[in-house]
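Need a 3D model of the following:
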Amino acid sequence: MLLLGLTIMRILIVDDQRPVRQSTAQGVRAAGHDADTADSGRVALLKLQEERFDLVVLDLNIEGIADGLDYIARLQKAAPGIAVVICTAQATVGTAVEAMRRGALDYLEKPFTPDQLRTVLARVERAQRLKQRAEGLADQVAHSAPAADFSAEDSTMKAVIDVVGRVAATRATVLLLGENGTGKSLLARHVHERSAMADGPFVTVSCPSLSRELLESELFGHVQGAYTGAAKDTWGKVEAARAGTLFLDEIGELPAELQPKLLRLLQDRAYERVGEAKTRIADVRVIAASNRDLAAAVKAGTFREDLFYRLNVVAVTVPPLRERPADLARLARKFLRFFAEDSGRPVLGFSAEAWAAVVAHSWPGNLRELRNGIERAVILARGERLELADLPAELAAAGAAPAELGGLVSLEALEQEHVRRVIARTVNLEAAAGVLGIDIATLYRKRKRWAAAAQTAGGGPESATPP
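Numbering: from 1, shown residues only. Reported below is the predicted structural model:
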């Protein structure tokens, strides 16, 4: 959880002396964190199995532990990745070095002051933040892709970006609606990165990906023996997203049996793991997305009305790419530049025919289809321009066939394609102008304007620089 820039950590204090446990817990809470205590190593291991902690403050000389240094490994086996700070009355440089070699993050020498405790906790907090950011960067490198584009020329998309930007700083639930491939998951991450919880995790749950039973376990976690195959206690995505954002993708596919449990999570921040009666409190911000008409699903009885209204606190509908012609050219050029550089191909732009096909296509797969189509074309390109033959078959077919009357293309694209085909079937431009019913000067002006537009898009045959 975040409070005024501070990450609130859940800290387990392990010490067999009650006054020490109490005073350390008091110091932890005074520093703005949550504290729990254990009076023995056995109790500490049990608590780590039942609860999720960020840090263990461990007395190396606790009674019942033969070797406190060896015990660090047991703690980290019970809770992989947990940070450990050791404290001992006999601390030496050698002991501290050996403890850190075995996995401890820092150490305190007894007796320590509240200021010394706060200093160590601040170091742990910084280390945890750096670790989360490093993991996020590693994930980005592993999934190399063009940087998300949150600029727009289209007025509808500008309004979407404006609303998303204003709601990001709050903890309000956000519902993102729109067709597949319109960039809803990118917008969800954008909200997270602009929020006060940006240093926390961003965890995605794909609602259609699993059966009801497995989805419930993935979302909320389960205890050992909760169902066949549940061999050990498992924390779910709700806990994994603690102090961060839980993104529920395709929420319209959530099974009816899980909808009341999600409603409770949203309303009361409460949930239970599968097979467990203990109620837990979630500290997450929820963002949901759907390509379905949830209002229609409510009327059809397949989606709970109260859940819909609880999700619908701030709802935005992301327009499909075919309704954003002003953004299509900019995004196509951006993808071309990225993939040309990424693959080391000397591709500078589009040929006139290829650009006409890009403009005429309806892009039912939206940004995802555009990205994949341009990437494929760049890989297959034989020269400095993407040609019609380099594009996916459906685009090449659209560029080779006359535009259909009433199709989802602009009048400009329709006119350009018609003029191109008339010129191809007549002996000269004067004959073409006669067929078109315009004078030849008008035809020259149109062709000049279209050539200039193609050059701006990076596709003009005379253009020698990248768009």
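
Per-residue pLDDT of the residue nearest the centre of the chain, please?
In the chain, the centroid-proximal residue (CA atoms, centre = their mean) is Arg189; its distance is 4.0 Å. Looking at Arg189, its pLDDT reads 92.

mind checking the SS state of it?
helix (DSSP: H, G, I helix; E, B strand; the rest coil).

Look up the closest residue to it, ignoring the ones flanking it.
Distance criterion CB to CB, 6 or more residues apart in numbering; nearest residue to Arg189, sequence neighbours excluded, is Phe202 at 5.8 Å. For glycine as for every other residue, the C-beta is placed from the backbone atoms N, C-alpha and C.

Same check on Glu394?
Per CB to CB, 6+ apart, closest to Glu394 is His361, 7.3 Å.

That neighbour and Val347, how far apart?
Distance check for His361 against Val347: by CB to CB, to the nearest Å, it reads 19 Å.

ok, and the closest non-adjacent residue to Thr222?
Let me fix one detail, which is that residue 222 is His and not Thr. Setting aside the residues directly before and after it, His222 is nearest to Val274 in space (CB to CB, 6+ apart), at 3.8 Å.

any idea how far the one you found is from Gln224?
From Val274 to Gln224 the distance is 11 Å (CB to CB).

Repeat that for Ala340.
Distance from Ala340 to Gln224, by CB to CB: 53 Å.

Who has more neighbours out of these two?
Ala340 (22 against 12; other CB atoms under 10 Å).

In terms of secondary structure, what does the helix or strand hosting the more buried one contact?
Following DSSP states H and E, one finds Ala340 within helix 325-343. Counting contacts by 3 or more CB pairs under 8 Å, 6 or more residues apart in numbering; DSSP states H and E, helix 325-343 is packed against strand 349-350, helix 352-360, helix 366-380.

How far away from the center of its chain is that helix?
21 Å (CA atoms, centre = their mean, to the nearest Å).

Buried ones in it, by neighbour count?
Neighbour counts over helix 325-343 (16 or more other CB atoms under 10 Å) mark 325, 327-340 as buried.

of these, the lowest pLDDT goes to which?
In terms of pLDDT, the lowest of the buried residues of helix 325-343 is Pro325, showing 79.

surely that one meets Glu412?
No. Contact criterion CB atoms under 8 Å: Pro325 and Glu412 do not qualify, at 9.3 Å.

Show me the strands in the stretch 351-467 of the chain, by range?
Ranges of strands in the stretch 351-467 of the chain, per DSSP state E, counting those that start in this stretch, are 385-386.

Show me the shaky parts of it.
396-409, 424-427, 454-467 (pLDDT under 70).

what's the domain layout of the protein?
2-138, 155-319, 324-456 (automatic domain parsing).

Which among those is found nearest to Asp149?
For the domains of the chain, the distance to Asp149 is smallest for domain 324-456, at 6.5 Å, taking CB to CB.

Make JSON lines out of the domains of the chain and add distance to Asp149.
Output for those, formatted as JSON lines (distance: least, CB to CB, whole Å):
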{"stretch": "domain 2-138", "distance to Asp149": "19"}
{"stretch": "domain 155-319", "distance to Asp149": "8"}
{"stretch": "domain 324-456", "distance to Asp149": "7"}
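
In the stretch 51-200 of the chain, what residue spans correspond to helices?
In the stretch 51-200 of the chain, the helices defined using DSSP state H, counting those that start in this stretch lie at 68-78, 93-101, 114-142, 155-167, 184-193.

Out of the ones you listed, indicate the one that is most buried.
Burial of these is given as mean neighbour count (mean count of other CB atoms under 10 Å); helix 184-193 ranks first at a mean of 20.

so after it, what's the next helix or strand?
strand 202-206.

That next one to helix 184-193, inter-axis angle?
Interaxial angle, strand 202-206 versus helix 184-193 (axes from the mean of the first three to the mean of the last three CA atoms, to 10 degrees): 150 degrees.

Which neighbours in the sheet does strand 202-206 have, and how are they oriented?
strand 244-249 (parallel) (DSSP bridges).

can you tell me the average pLDDT over the partner strand?
For strand 244-249, the per-residue pLDDT averages 94.

what does stretch 206-225 give?
Per-residue scores along stretch 206-225 average to 84.

can you count the residues close to the spatially closest residue to Glu384 that is not a sequence neighbour?
Nearest non-adjacent residue to Glu384, counting by CB to CB, 6+ apart: Leu348, 4.7 Å away. Residues contacting Leu348 under the criterion other CB under 10 Å number 20.
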